[in-house]
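S.K.: with the input below, show me the fold.
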Amino acid sequence: MDSSITLISTFAIAFGVALVLGFIAEKLKFPALVGYLIAGILVSPNVLGFDIDFNLAEQLAEIGIMLLMFGVGLNFSLSDLLKVKKLVIPGAICQMLLSAICAFGLAYFWGWPIGQCVILGMCLSCASTVVVLKGLEAKGLLESFDGRIAVGWLIVQDMVTVLMLVLLPPLASMLGGQSDTSNMPLWQLILETVARVVAFIVFMLVIGKRVLPWLLWQVAKTGSRELFTLCVLAVAIGIAFGASQIFNVSFALGAFFAGMVMRESQYAHRAATESLPLRDAFSVIFFVGVGMMFDPTSILAHPGYLIGILFLILVMNPLIAFATVLLFRYPLHTGFTLACCLGQIGEFSFILGTLGVSLKLLTTEGMNLVLAAAILTIAVNQLSFTLVEPLTKLLCKHFKWARVAAARPDPQATMPDEIDSSQLLRHVVVVGYDSVGQKICEALGKADIPFVVIDRNDGVIEQLRNSNHAAIQGDCTDPAILLQAHVQNSAQIIITIRDELESRKCIEGAKILNPEIEAIIRAETDTEANQMRADHLGIVVQASTALASRMTQYSIYCFTKYDPAKASGKMKNAAEKAKELLDEFVSKQEEQIEQNTSVEISKKQENKDEQKYLED
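M.R.: Below you'll find the model as predicted:
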């Protein structure tokens, strides 16, 4: 092929095949990442033999690593980590250490060299942040207490992995690999490496922390979206390259700290949004490039190796995380959630493996095992969440420790002792604290009506409690959560969530605890609203109808606010017509409310009569 179009052909083949297989993977409910890796395997010389410049693909993949690590740094939240630091910092470090020791022992049993055993241990000790975030989001757990624990755990893993990337090159010669400074004493290698890293970090925190936000602000003032995107990419790639050339640290570390420093800017969210398309595109190239390194035939020579590695990832890593969580006296469901999240490996394992291959510490066969294990574990990871409920029931049935762990409440799922008991009597329970829920709570607060908020978002609950409001984190369909919100003593429950099934379950649970409670429910469509009214669930408010009502009222008000005595005949007629429409509109609204109320009253009376009849 003409060398002048090698770059174009590489992009065309990589993106085209990755698009098709990524689409198929998503349709089959697998992460698109699996499709990208398989795309790389197919276009590699070992399978279909596409004419792709492998060296060029490696450089493009390096850009993917830079942008991937830049995104990790940009989303790195030290405050989120500190909120769960008592568990995730010691827990994640212990889990990584134990997982690495298990992998090291297995590889040593196979007779692998020490350096290869170390690299394999590193690769199998860290999970994929991308897969975990997507999995938690799909299950609605990302903003929950368990989700914050899992994300904090992954942040610690990422930080430890970055440290591995820094220390691995100077230690390569001692582990049997190749290094540019192999003739230097080990203490001098480590000292120089640490000194360079510290110098780079100081430079970024002292100078970069001031310059980069200022630079983003100056570019943002121009109003040019293209310049802003270019600035973000120039900073990410430029700092990564400069860190490598000046401080002799890895591209990955440079890009990570560039993202961390840029996070301090008020334009951090915009920077993440603007860089996301290119970051995703080059990440695809990275995963395709990793797949191209895979040789399926090498796995067939030693299938037992792959089975052993899969056992470590799918069984040992989750067990270690599960046991660690329970030892720290956290609930059983938190342990299961974290165990499911850590039953796979991903992008950091690829980065560590690629570095190991370049340092001659990991053989091609070892890298193929890591790739095969990653593809298989990522593919089955979502299935592990379906095992949580049956395993919980099984353990609770046979073991006392499981029943004790299951009974432990989340810190945010119990009502704080400092809440005044008067706030938990004849109060309003507001389910969901989105924009609608916030406005309702503001109005209730101004009217001095006590309320309790139920929401899945752990951060929202923490914010409300800091503002001295009663709030419970958890699932509104869980009777334990409803009891913590004192639904049994409440006068009213307002449901603002969009899920009809969840709303119905919540109403059902609330009326079992408090048959006299009044329910106000949000509906998304007219059909949904009519069905809820037909089932007599409560007063139903349909979003578009309520919005149309308010807009109509304002429109009619605009007609009637003119003084008819000073208006022309045409305006008088319009004002009179508007008044008639307003009266008719208000009358219909009042009739609808009266009808709904009478239905509710009659139904309650029927229930009382029936109950009295049964008692007699």
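S.K.: find the centremost residue of the protein, please.
M.R.: Centroid check for the chain by C-alpha atoms, centre = their mean gives residue 133 as the closest residue, at 3.6 Å.
S.K.: can I assume residue 223 sits in a helix?
M.R.: No. Counting by DSSP: H, G, I helix; E, B strand; the rest coil, residue 223 falls outside a helix, being coil.
S.K.: ok, back up a step: tell me which helix or strand the residue nearest to the centre of the chain sits in.
M.R.: If you go by DSSP states H and E, residue 133 is part of helix 129-138.
S.K.: so which bits of that helix are buried?
M.R.: Buried residues in helix 129-138, counted by 16 or more other C-beta atoms under 10 Å: 129, 130, 131, 132, 133, 134, 135, 136. Where C-beta positions appear, they are placed from N, C-alpha and C, glycine not excepted.
S.K.: I'd like those residues as CSV, with distance to residue 279 and pLDDT appended.
M.R.: Below are the buried residues of helix 129-138 laid out as CSV (distance: C-beta to C-beta, whole Å; pLDDT from 0 to 100):
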residue, distance to residue 279, pLDDT
129, 13, 76
130, 11, 71
131, 16, 76
132, 18, 80
133, 14, 72
134, 15, 70
135, 20, 75
136, 20, 78
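S.K.: return the member of those nearest to residue 203.
M.R.: Comparing these against residue 203 with C-beta to C-beta picks out residue 129 as the nearest, at 26.2 Å.
S.K.: how many neighbouring residues does the closest residue to that closest one other than its chain neighbours have?
M.R.: Spatially, and ignoring its direct neighbours in sequence, residue 129 is nearest to residue 154 (4.9 Å; C-beta to C-beta, 6 or more residues apart in numbering). By other C-beta atoms under 10 Å, the residues close to residue 154 number 26.
S.K.: right, and residue 154 touches residue 131 too?
M.R.: No. With contact defined as C-beta atoms under 8 Å, residue 154 does not reach residue 131; the gap is 9.8 Å.
S.K.: rewinding a little: would you turn the buried residues of helix 129-138 into TSV with distance to residue 516?
M.R.: Shown next, in TSV, are these (distance: C-beta to C-beta, whole Å):
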residue	distance to residue 516
129	48
130	49
131	47
132	44
133	43
134	43
135	41
136	38
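S.K.: nearest to residue 166 among those?
M.R.: Set against residue 166, the nearest of the buried residues of helix 129-138 by C-beta to C-beta is residue 129 (18.5 Å).
S.K.: give me the pLDDT for residue 118.
M.R.: At residue 118, the pLDDT value in this model is 90.
S.K.: secondary structure element for it?
M.R.: Counting by DSSP H and E, residue 118 is part of helix 114-124.
S.K.: chain center to whichever strand or helix holds the residue nearest to residue 129, what's the gap?
M.R.: Using DSSP H and E, residue 154 sits in helix 145-171. Centroid separation for helix 145-171 versus its chain: 16 Å, with C-alpha atoms, centre = their mean, to the nearest Å.
S.K.: and the next element down the chain from that helix?
M.R.: Proceeding N to C from helix 145-171, the next assigned helix or strand is helix 186-203, under DSSP H and E.
S.K.: helix, strand, or coil at residue 471?
M.R.: Three-state call for residue 471 (three-state DSSP): strand.
S.K.: against residue 367, how distant is it?
M.R.: Distance, residue 471 to residue 367, by C-beta to C-beta, to the nearest Å: 49 Å.
S.K.: please apply the same query to residue 47.
M.R.: Counting by C-beta to C-beta, the separation of residue 47 from residue 367 is 16 Å.
S.K.: between those two, who's got more neighbours?
M.R.: When neighbours are counted by other C-beta under 10 Å, residue 367 comes out ahead of the other of residue 47 and residue 367, with 24 against 17.
S.K.: CA atoms only: put stretch 367-385 into PDB for me.
M.R.: Provided in PDB are the C-alpha atoms of stretch 367-385 (Å, rounded to 0.1, in the frame of the first residue of the first chain):
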ATOM      1  CA  MET A 367       0.200 -10.500  27.200                       C
ATOM      2  CA  ASN A 368      -2.100 -12.700  25.200                       C
ATOM      3  CA  LEU A 369      -3.300 -14.300  28.500                       C
ATOM      4  CA  VAL A 370      -4.000 -10.900  30.000                       C
ATOM      5  CA  LEU A 371      -5.900  -9.900  26.800                       C
ATOM      6  CA  ALA A 372      -8.000 -13.100  26.700                       C
ATOM      7  CA  ALA A 373      -8.800 -12.800  30.400                       C
ATOM      8  CA  ALA A 374      -9.900  -9.100  30.000                       C
ATOM      9  CA  ILE A 375     -12.200  -9.900  27.100                       C
ATOM     10  CA  LEU A 376     -13.900 -12.800  28.800                       C
ATOM     11  CA  THR A 377     -14.200 -11.100  32.300                       C
ATOM     12  CA  ILE A 378     -15.600  -7.900  30.800                       C
ATOM     13  CA  ALA A 379     -18.100  -9.800  28.700                       C
ATOM     14  CA  VAL A 380     -19.500 -11.700  31.700                       C
ATOM     15  CA  ASN A 381     -19.200  -8.900  34.300                       C
ATOM     16  CA  GLN A 382     -22.700  -7.700  34.000                       C
ATOM     17  CA  LEU A 383     -24.100 -11.200  34.600                       C
ATOM     18  CA  SER A 384     -22.400 -11.300  38.000                       C
ATOM     19  CA  PHE A 385     -24.900  -8.700  39.300                       C
END
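S.K.: burial of residue 462, as a residue count?
M.R.: Per other C-beta under 10 Å, the neighbour tally for residue 462 reads 17.
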